[in-house]
Structure formats: C-alpha cells, structure tokens
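Asks: mind looking at a prediction? Sequence and model below.
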Amino acid sequence: MDIFVIRGGTPLVGSIALAGAKNVALKALVASLLTDEPLILSGVPLIRDVALMGELLAGLGRKVIFNEHTVRIEKDGKDSFQVPLELGARLRTSSMVLGPLLARRGEAIIPNPGGCRIGARPIDRHIEGLVKMGADISYHSEDGYFHARAKKLTGVTYEFPKNTHTGTETLILAAVLAEGTTVLRNAAQEIEIDDLIALLNSMGAQITRSDTREITIKGVPSLHGGAYSIMPDRNEEVTFAIAAAVTGGRITITNSQHEHLEAFLDAFRKAGGTAEVEGATTTYASGGALTAVDVTTAPHPGFMTDWQAPWAVLMTQAKGSATIHEAVFESRFSYVPELKKMGADISFFDPPVENPEVFYNYNWSDRVPGFHPAIRIAGPTHLHNAVVNITDLRAGATLVLAALAAQGESYVHGIEHLDRGYEAFETRLSQLGAQLKRINEE
C-alpha cells in the first residue's frame, strides 16, 4: 500500500489548472451505453474511479480507449447486462447503468454499489423511480445483486422524497429513451447535472429544466454518438483554495468555477480568506487572521457536503468557535479523530432540530448508534505531525491539507481513496511547493 509522507509548514504558491469534474466524467461514461455510435469525451480526469468505470463498460460490451484526457467509447462485440460483482462493489456510480441497460436491453443485474462509505447512501430513491417507469426490480441477498427487468420504460411524473444528485441523474439516463414524457420533481440542481444534460442533448435527447427543481425529459427513439468536453471540477477548486489559506500561501486557479461556488466563497471571505476573480481565473489566499464561521451543508446552491471536511481544517486555524452541521449525509465525520491526533480541538454535539425527518436530506432512521450530526471546532490551534488514516475521498483531502499546515513530518495512510477522485494529487501539490512524497509501504 502507498502512503504520503508530508512535511508541513511550507506556503503553497503558484498556478494550477483544474482537472475535469469527477462527478460528470463517470456519468458521461455511463451515457455511452445509450448509443451504439462512438462517444468521445475530452477533459476526463485520470483518476481511479474513471479507470474502474472503463473496466465496467468493457464488461458490458464497450471498447474504452484512453488518450491522455480524451476517452473514446464504442461498441465492441456482444452487449452484456450484468455488472461484475467485484467492480460494482468498488464503484458507487455502478448503479447508474440500470437505466441505460433497462431502456436498451430490458434487463440489468448489478451488485450493491460501493465507493466511499460515508453513510447509507440508499439507492431506494433510484429504484422507486425506475419501478414507477415500469421496471421490476428485486434485491437477492443470496448473491448480492439487484435483478431488474422491463419490457418497456414509460414516462412518469415522479417526485423525489429527498434531494438526490445521483438519483436524479439515474432517472434522466433512464428517461431519455423511455416512451413518453418524464417529469422529475424535487430534482437536484447541481451544475454537474446540467453538464450531463448538455451532453445528452448533444446526443439527441430532449431534456429541459422546466421549473425550479423540475426536469422534463421527452423520450426519443434513439441517441447518436458525438464529442463533448466536460466541465472542470469545482470540488478541486475548493480544496486548493483552502490549501492556500491554511498554509499562508497564494494559489491561482485557471479555468476557475467561481461562478458556481457562491456558498463557499461567501463563507471563505467571511472567514478572512481572499478570492480575487479575474475572468476565468481566481487567486486564493489568506487575508491575514482567520475568523470562525459556522456552516450547515445543503444541496446546491447551498454549502456542499463535499466541502465541509476541508472547511474543518480551515476552522482549526480560525479564531473563535466554529460549527459544522452535516445535513446531507449521516456519517461524514470520519476525519475528526484523525484531526484530533494532530492537535485539533473538535467536539461532537447535537444541534436542536425541530423536525429531523424533514430537515435532514438522509433517512433519519438510518443513522447509526452514537451518531452526532454536528461538530464544534475551537481555534486557532497549532497542528502538529501525526500518523493518520484516510477512510473516504474528501476526508483524505482534509488530512493532506492538515498535514501541509502542520509542523513536522506526517504519514498519511489510505491514499487509495484520494486516487479515486484527485488526479496526480501529490505531483500537483509538489508543483506548488508542498514537501510531499508517495512511498510504497511493504
């Protein structure tokens, strides 16, 4: 297993370009199942999850050809409708092939999806929508697979009981070839979904955002191939912005997504960070002493759940008491014990919520014993070196940021989680001046 060895205390300075958005690339690859014509995607990040999705598509009868950041997907022999257990269990977005396979093959067999274990991440909202469209889906515990069949998918009006990014995209991918019109209400608003919609429309789909949190899809008989460039990753931008602030550095982001980061930028500036926007670039730094700012995560356009873990590192360096209230996932504080090893002053608490079943975006009944939905961070604290372990993607970025801000040499285990979502993370950080190396621990 590889680990990072990081010597902190060096300000990160320089310019960096964002990689393509992970949360678009994976779904765009799935979209290739909707046509037998070649689909060419550019701006694809070279990350582990993309490689896994390529393997998954190959098992479903697609030839996947990588050329740097461009991927060509084309039909390659006989189609299959079963996702291998080992692949599907390692990739959460594997469940999204359900729609295309049901629409074109009438059958799909997929394992319980994997990926980061940051909560139950139930796919019941996906399944319920597909069943409404005419699918028969059952889970077989004896083999660990969902078995799905559909003679024909038909358009429906479906309202999600909770906001779901992946669920919205799953039903869009199913509805584009369904018979009739599908209307999705309480649909997610993330801009990554808009990018997927733009890709599908370029392939011949008819999809519009017909109202606030409403998407209308008019089914078409078939889609064609084409070429599409995916958007940059705004979650990367937040990571590098906080890296600049906590190390006392200054980082310029090219192809910046600042126009889609309003909730983050508002909190960042209130905390004392600076974000200088000039066209398609944004330069991030600490404006001096940092101030504690409370955040509560929420679906777009709110403060994203993916940003709260890196935000915790920033708050360890801010004066005062800051709270982070996680309202999207029920188990996303795995980094807290690791930050405490490094000297962070963090405690869990239960904020008063009048109607938790409605307030929280996850199923309140799924919470685990001993669960707390919020943390309180006292700062500023002097972070020091430690041996820490990563358990999920954003928590991984958090611990790397903490190690870069800390004094001394830290050892970060579990970096395979980082490889899932950050392209050449150590190389790009090193180009900004980070003292970081990857070593293989036998």
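Replies: That came through, no problem. Residues are numbered from 1 along each chain as shown.

Asks: start and end of stretch 303-323, how far apart?
Replies: One end of stretch 303-323 sits 13 Å from the other (Cα to Cα, to the nearest Å).

Asks: average pLDDT for that stretch, rounded please.
Replies: Regarding stretch 303-323, the rounded mean pLDDT is 97.

Asks: can you tell me what sits against the helix or strand encompassing L184?
Replies: Taking DSSP states H and E as the criterion, L184 maps to strand 181-185. Around strand 181-185, the neighbours that count as contacts under Cβ atoms under 8 Å, 6 or more residues apart in numbering are 129, 133, 155-160, 168, 171-172, 175, 210, 213-219. To be clear about C-beta, it is placed using only N, CA and C from the backbone, and glycine gets the same treatment.

Asks: whichever of the residues you listed end up buried, select them in PyMOL.
Replies: To isolate the buried ones among the contacts of strand 181-185 in PyMOL, judged by 16 or more other Cβ atoms under 10 Å, type:
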select buried, resi 129+133+155+156+158+160+168+171+172+175+213+215+216+217+219
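
Asks: buried stuff in the host helix or strand of T283?
Replies: Per DSSP H and E, T283 falls inside strand 281-286. By neighbour count on 16+ other Cβ under 10 Å, the buried set for strand 281-286 is 282-286.

Asks: now those residues as TSV including distance to Y335 and pLDDT?
Replies: Supplementary listing: those in TSV, determined by distance: Cβ to Cβ, whole Å; pLDDT from 0 to 100:
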residue	distance to Y335	pLDDT
T282	26	98
T283	27	98
Y284	21	98
A285	24	97
S286	21	93
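
Asks: identify the single longest strand in this structure, thanks.
Replies: strand 318-325 (DSSP state E).

Asks: state the distance from I377 to F303.
Replies: According to Cβ to Cβ, to the nearest Å, I377 and F303 sit 15 Å apart.

Asks: who has more neighbours, the two?
Replies: More crowded of I377 and F303, by other Cβ atoms under 10 Å: I377, with 27 against 23.

Asks: pretty sure L200 sits in a helix.
Replies: Yes - assigned with DSSP: H, G, I helix; E, B strand; the rest coil, L200 falls within a helix.

Asks: in three-state terms, label I73 for me.
Replies: Assignment for I73 (three-state DSSP): strand.

Asks: export the strand or helix carrying L57 as PDB, just CAs?
Replies: Per DSSP H and E, L57 falls inside helix 48-59. What follows is helix 48-59, C-alpha atoms only, in PDB (Å, rounded to 0.1, in the frame of the first residue of the first chain):
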ATOM      1  CA  ARG A  48      -9.100   5.500 -10.300                       C
ATOM      2  CA  ASP A  49     -12.900   5.800 -10.500                       C
ATOM      3  CA  VAL A  50     -12.700   6.600 -14.200                       C
ATOM      4  CA  ALA A  51     -10.400   3.600 -14.800                       C
ATOM      5  CA  LEU A  52     -12.900   1.400 -12.900                       C
ATOM      6  CA  MET A  53     -15.800   2.700 -14.900                       C
ATOM      7  CA  GLY A  54     -13.800   2.000 -18.100                       C
ATOM      8  CA  GLU A  55     -13.400  -1.600 -16.900                       C
ATOM      9  CA  LEU A  56     -17.100  -1.800 -16.100                       C
ATOM     10  CA  LEU A  57     -18.100  -0.600 -19.500                       C
ATOM     11  CA  ALA A  58     -15.700  -3.100 -21.100                       C
ATOM     12  CA  GLY A  59     -17.600  -5.900 -19.400                       C
END
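
Asks: what pLDDT, on average, does it get?
Replies: 93.

Asks: list the buried residues in it.
Replies: So helix 48-59, judged by 16+ other Cβ under 10 Å, has buried residues 48-50, 52-54, 56-57.

Asks: and stretch 201-209, by the same measure?
Replies: Buried, per 16+ other Cβ under 10 Å, within stretch 201-209: 203-205, 207.

Asks: run a quick neighbour tally on L399.
Replies: 32.

Asks: ok, now which ones touch it?
Replies: Contacts of L399 (Cβ under 8 Å, 6+ apart): 335, 338-339, 388, 390, 412.

Asks: SS state for it?
Replies: Going by three-state DSSP, the state assigned to L399 is helix.

Asks: which of the helices or strands spans the residue nearest to it when sequence neighbours are not counted?
Replies: Of all residues not flanking L399 in the chain, V388 sits nearest, at 5.0 Å (Cβ to Cβ, 6 or more residues apart in numbering). Using DSSP H and E, V388 falls within strand 387-389.

Asks: show me what secondary structure element comes after the strand holding T283.
Replies: Counting by DSSP H and E, what follows strand 281-286 is strand 290-291.

Asks: gap between that following strand and the chain center?
Replies: The chain centroid and the centroid of strand 290-291 are separated by 27 Å under Cα atoms, centre = their mean, to the nearest Å.

Asks: roughly how far is the lowest-mean-pLDDT helix or strand in the chain from the heart of the chain?
Replies: Lowest by mean pLDDT, DSSP states H and E among the helices and strands of the chain is helix 85-88, with a mean of 77. What separates the centre of helix 85-88 from the centre of its chain is 19 Å, taken as Cα atoms, centre = their mean.
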